[in-house]
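**Student:** how would this look folded up:
(chains A and B)
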Amino acid sequence: MTSEPSVVEVTLESDLKQLELVEEIVRRVSATAGLDEESEHQIDMAVREALINAIWHGNKNDAAKSVWLRFEISKDRLEIRVRDQGNGFNPAEVPNPCLSENLLKFSGRGIFLIRTFMDDFQVKCLPGAGTEVIMVKRLDPARQPKLGGTDREHESHNSTS
Amino acid sequence: MSMKATIRQVDSVTVIDISGRITLGEGCTQLRQIVRDQLAKGNKRLLLNLGDVSYIDSSGIGELVSGYTAVSNQGGQLKLLNLTKKVHDLLQITKLYTVFDVHDDEAKAIASFSA
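**Tutor:** So this is what the prediction gives:
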């Protein structure tokens, strides 16, 4: 066993059909990270919400644009990056959906759920290169059955399905 | 598994048994259409049985809120029955648990509409 992180990277086209594929990737990553069912569900939801934001708000549903997704599992943390080709947003300006005036709004809960389910959440605007959302879940090193440096894989999915 | 729904009438209450996923896309669209159809038929007492809902995302939560608002605006009531732990937790986290009238017993839920 080495301390080298396991990495999974995928490049996806801006199509909500990709959510199904990403769900499967999250399942595999969660198994590698030794996550329990509840943590897997939380990460699945966080990644789903980040991906929807990237496709809808970032890439404006433009199929010609892509979303880059990266999972890095190290000894004590799972770091997930979701990068779109949009102009970015300021998370501080996203209204709190739990305030009474926002409670009955139809949308606006995605970022709140990401913040709730993950231990760290950052948004980086990359000049000329889009926006990157970075989410971190802390891990219990004792629960990782498969972590190792040979677990690196690189996938590219630009499917038209 | 996509969303499936069956609709039955119990006394004056329309019970909608939902299974599968209420997520962005098909699941949300289906739920929205069901609520609209029931309101168009004059059915304003809706009980959504979510006991077999395996997954709900932020769009699904939004659709529940939208349904609640649409029914309330027409002078009706939309209540929830049999929340799974995942859905229960999400409603707690988003502070919507206090908005919805939530039940875990169908007979009591039905009876609550006449209150």
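**Student:** now for the residue most central in space within chain A: which residues touch it?
**Tutor:** For chain A, residue A:47 is the residue whose C-alpha lies nearest the centre (CA atoms, centre = their mean; 3.4 Å). With contact taken as CB atoms under 8 Å, 6 or more residues apart in numbering or on different chains, residue A:47 is in contact with A:22, A:26, A:69, A:80, A:82, A:135. For glycine as for every other residue, the C-beta is placed from the backbone atoms N, C-alpha and C.
**Student:** any idea how far residue B:28 is from the fifth one?
**Tutor:** With distances defined as CB to CB, to the nearest Å, the gap from residue A:82 to residue B:28 amounts to 22 Å.
**Student:** the more surrounded of the two?
**Tutor:** The neighbour comparison of residue A:82 against residue B:28 (other CB atoms under 10 Å in any protein chain shown) goes to residue A:82, with 26 against 23.
**Student:** quick one: contacts for the residue most central in space within chain B?
**Tutor:** For chain B, the residue nearest the mean C-alpha position is residue B:48 (3.3 Å; CA atoms, centre = their mean). Residue B:48 makes contact with B:16, B:18, B:64, B:67, B:78, B:79, B:80, B:81, according to CB under 8 Å, 6+ apart.
**Student:** which ones among the residues you listed are found in helices?
**Tutor:** Per DSSP state H, helices hold the following members of the contacts of residue B:48: B:64, B:67.
**Student:** redo the contacts of residue B:48 as TSV? Include neighbour count.
**Tutor:** Formatted as TSV, the contacts of residue B:48 follow (neighbours: other CB atoms under 10 Å in any protein chain shown):
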residue	neighbour count
B:16	21
B:18	24
B:64	25
B:67	21
B:78	24
B:79	21
B:80	23
B:81	22
